[in-house]
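A predicted structure for the sequence below; I have some questions about it.
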Amino acid sequence: MMPSKLLYRLFFLCFVLGSITVNAQSDKQKALEAKRQKFEQELQQLNTLLFSDKKKEKSIVSSVEDLNYKVSVRRNLIKVTNDQANLLTREINANQNEISSLRDQLKELKETYAAMLVKSYKSKSEQSKVMFLLSSDNFKQAYKRLQYIKQYTNYQKEQGELIKVKSAKLQELNTDLVRQKKDKDQLIAENRTAQKELEKELDEQEKLMASIRKNLSSYTSKIKQTQQEIDRLDREINKLIKEAIAASNKKAGNSSLSQGFALTAEAKALAANFVSNKGNLPWPVEKGVVKVRYGTQPSPIDRSITISSSGVRIATEKGAQVRAVFEGEVLAVMGKKYSNPTVLIQHGNYITAYKNLAKVYVKKGDKIATKQDIGEVFTDTNGDSILFFSLHKEDQTQNPAYWIYKM
C-alpha cells in the first residue's frame, strides 16, 4: 500500500498540473476573445464611418477601398472565431477525458474506502487495539504498531478528503463542459452569419471591379495623378523640415552640414517624453479606421501599380475634429498650394503632420497640448472625410502604427 502522505502529494501534484493546463487554455481563449471583440468593434466602426449612409454616392475607387478593408477585417474575424472554436473543441475533449479518468479514480477510491470502513468496523473496539499493542514482542514493535494505527486512521481521513475533492472537481468539470459546448455552438452560429456577410461583400466587390475593368486605363491614370499630388506635398513637407533643421543649427552656431535639429535642454526632454510614449499616443481623431497603411503597397484598383504612403490615411466622420497626438509647438501651417491645409507640430526632433484639413485653429509658433483640437477634417464631394497623418524623426518618416495606440 502506498504511504498516505506520498499518495496525497501525488494527487495534489496532478491536480496542480491539470489546473496549469486549464489556465493556459483559458488564457489563450481570453487572448482570442480580445482579438475577436477588437475585429467586431472595427467592423461596427467601419459600418458607422463608411457604410452608414446608403444614399450617399461614392466614387467606385473609394467604394472598392472601403470594401477591401471591410473584407479583410471580416476575414480576420472569421479566422479568430474559427481558432476559438477549435481551441474549445480541444478543451472539451480534454475535459471529457479528465471526467472519464476522475470517474474511474472515484470508483476505485470509494471501493477502497468502503473496504477500509468494513475492516475498521470489524476491529473497532478499543480492546482489540489494546490487545494488538500488548501482543508485541518488545517495546519497539509496540511503538511501530501504535504508529501504524495512527497512520491507518489518518489514511482513512485522507481518502475521505480525496473523495470530496475529486467529487467537487468532477462537478466543476461537468459545469465547464456544458458552458464550453454552449460557447462553441454560439461561435459556430456567429461564424455562419459572418461567412454569409463576407460572401455578399465579395459579390459586391466583384461587381465594382468588373465595372472598373471596363475602363481600367482611366482609373489607373487617376491613381497615378493622385499619387503625384501626394508625393508633391510630401516633398514640400520634407523641404520645410530640412529648412527648420538648418535654421535651428544656424541659431545654435552649428555647421550647416548638421543633419538633425539643434535641441535645447527643454526640447531634448520633450523628445525623450515623446519617445517614452511610443505605442501609447492617442489617435489624431476620436473615431477612425485606417484605410491606407504606411509604406509601399499595391493599389486595390490595379495591383500592378504600387502606391506609396508616407503615413496613414484615416477615414473619420464628417466634421471630425483633428487633435494633436502629443504636446509641442506648431512648426508650420501649410496653405492650399498643393492641397488642403496641413499643420506640422514639432515635438523636439520629432514632427507630426496633419494633412487634408478644412479648417485650421492654430498658427505657427503656438504651444500645443496633447489632444488639443488643431483643425477640422476636410470632406470631399463623395462624402469621404480622410485625414492624412504622418510622423517624422528629423526628415525621415516613421510608421505611425508603431506610435499610435492600437493602430
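Yes, it's here. Residues are numbered from 1 along each chain as shown.

show me the contacts for A272.
Residues near A272 by C-beta atoms under 8 Å, 6 or more residues apart in numbering: G348. Backbone N, C-alpha and C define where each C-beta goes, glycine included.

Which positions in whichever strand or helix holds it come out as buried?
A272 belongs to helix 265-276 when elements are defined using DSSP states H and E. For helix 265-276, the neighbour count (16 or more other C-beta atoms under 10 Å) marks 267, 270-271, 274 as buried.

Tell me where the stretch 201-350 of the chain has strands.
Applying DSSP state E, counting those that start in this stretch to the stretch 201-350 of the chain gives strands spanning 289-292, 295-298, 306-309, 312-315, 321-323, 328-334, 342-347, 350-355.

Quick one: closest of these to A262.
strand 342-347 (12.7 Å; C-beta to C-beta).

How far off centre is stretch 91-100?
29 Å (C-alpha atoms, centre = their mean, to the nearest Å).

counting contacts, what elements does the longest helix seen in the chain pack onto?
Secondary structure of the chain read by DSSP state H shows that its longest helix is helix 139-213. Here helix 139-213 touches helix 4-50, helix 60-122, helix 126-134, going by 3 or more C-beta pairs under 8 Å, 6 or more residues apart in numbering; DSSP states H and E.

which stretch in the ones you listed is the model least sure about?
Ranked by mean pLDDT, the helices and strands packed on helix 139-213 bottom out at helix 126-134, which scores a mean of 55.

picking up where we left off before, how far off helix 60-122 does the longest helix of the chain point, in degrees?
160 degrees (axes from the mean of the first three to the mean of the last three C-alpha atoms, to 10 degrees).

For helix 139-213, give the mean pLDDT please.
The model assigns helix 139-213 a mean pLDDT of 79.

gap between that helix and the chain center?
With C-alpha atoms, centre = their mean, you get 24 Å for helix 139-213.

Pop the domain breakdown of this structure in here.
Per automatic domain parsing, the structural domains of the chain span 4-213, 224-402.

Looking at the ones you listed, which one is packed in the most?
Highest mean neighbour count of those: domain 224-402, a mean of 17 (counted as mean count of other C-beta atoms under 10 Å).

Now do that domain: distance from first to last residue.
The first residue of domain 224-402 is 28 Å away from its last residue (C-alpha to C-alpha, to the nearest Å).

That one: how far from the chain's middle?
26 Å.

same question, stretch 390-407
19 Å.

average pLDDT for that stretch?
Here the average pLDDT along stretch 390-407 is 96.

Equivalent analysis for stretch 224-241, please.
Stretch 224-241 shows a mean pLDDT of 93.

And for it, what's in contact with it?
Counting by C-beta under 8 Å, 6+ apart, 305, 307-310, 331-332, 334, 337-339, 342, 344, 351, 353, 355, 388, 390, 392, 394-395 sit against stretch 224-241.

and with 7 Å instead?
Residues outside stretch 224-241 that contact it (C-beta atoms under 7 Å, 6 or more residues apart in numbering) are 307-308, 310, 332, 334, 338-339, 342, 344, 351, 353, 355, 392, 395.

Name whatever forms a beta bridge with the spatially closest residue to L49 that is not a sequence neighbour.
Nearest in space to L49, with sequence neighbours left out and distances taken as C-beta to C-beta, 6 or more residues apart in numbering, is A315 at 5.4 Å. Beta bridges link A315 to V289, I386, judged by DSSP bridges.

thought A315 was touching L387?
No - in this structure, A315 is not within contact of L387 by C-beta atoms under 7 Å, at 8.3 Å.

Distance of the residue nearest to K268 when sequence neighbours are not counted relative to Y354?
Spatially, and ignoring its direct neighbours in sequence, K268 is nearest to G348 (6.3 Å; C-beta to C-beta, 6+ apart). Per C-beta to C-beta, to the nearest Å, G348 is found 18 Å from Y354.

Likewise for L198?
Taken as C-beta to C-beta, the span from L198 to Y354 is 34 Å.

what does N47 give?
If you measure N47 against Y354 using C-beta to C-beta, the figure is 26 Å.

now do E376
11 Å.

How about Q398?
Using C-beta to C-beta, Q398 is found at 15 Å from Y354.

Likewise for G295?
Here the criterion is C-beta to C-beta. By it, G295 lies 19 Å from Y354.

Check N95 too.
53 Å.

how near is Y219 to D384?
Taken as C-beta to C-beta, the span from Y219 to D384 is 16 Å.

Roughly how far does K364 sit from E329?
K364 is 9 Å from E329, by C-beta to C-beta.

from what I can see K268 touches H347, true?
No - here K268 does not reach H347: they are 11.2 Å apart, not a contact under C-beta under 7 Å.

which other residues reach stretch 276-288?
So stretch 276-288 is in contact with 45, 49, 314-317, 320, 322-323, 325-326, 354, 370-371, 377, 387, 389, 402-405, going by C-beta under 7 Å, 6+ apart.

what does stretch 291-305 give?
By C-beta under 7 Å, 6+ apart, stretch 291-305 touches 61, 64-65, 68-69, 212, 216, 219-220, 223, 306-309, 311-313, 315, 386, 399-401.

6 Å - rerun?
With C-beta atoms under 6 Å, 6 or more residues apart in numbering as the contact definition, stretch 291-305 has outside contacts at 61, 64-65, 68-69, 212, 219-220, 223, 306-309, 312-313, 315, 399.

Next: stretch 59-74.
39, 42-43, 46, 50, 198, 201, 205, 208, 212, 291, 300-301, 382, 384.

Looking at these, spot the one nearest K242.
Distances from K242 to the contacts of stretch 59-74, taken by C-beta to C-beta, are shortest for K291, at 29.0 Å.

quick one: the closest one from D104, how far?
Going from K291 to D104 by C-beta to C-beta gives 58 Å.

With A401 instead?
Separation of A401 from D104 (C-beta to C-beta): 53 Å.

now do T226
70 Å.
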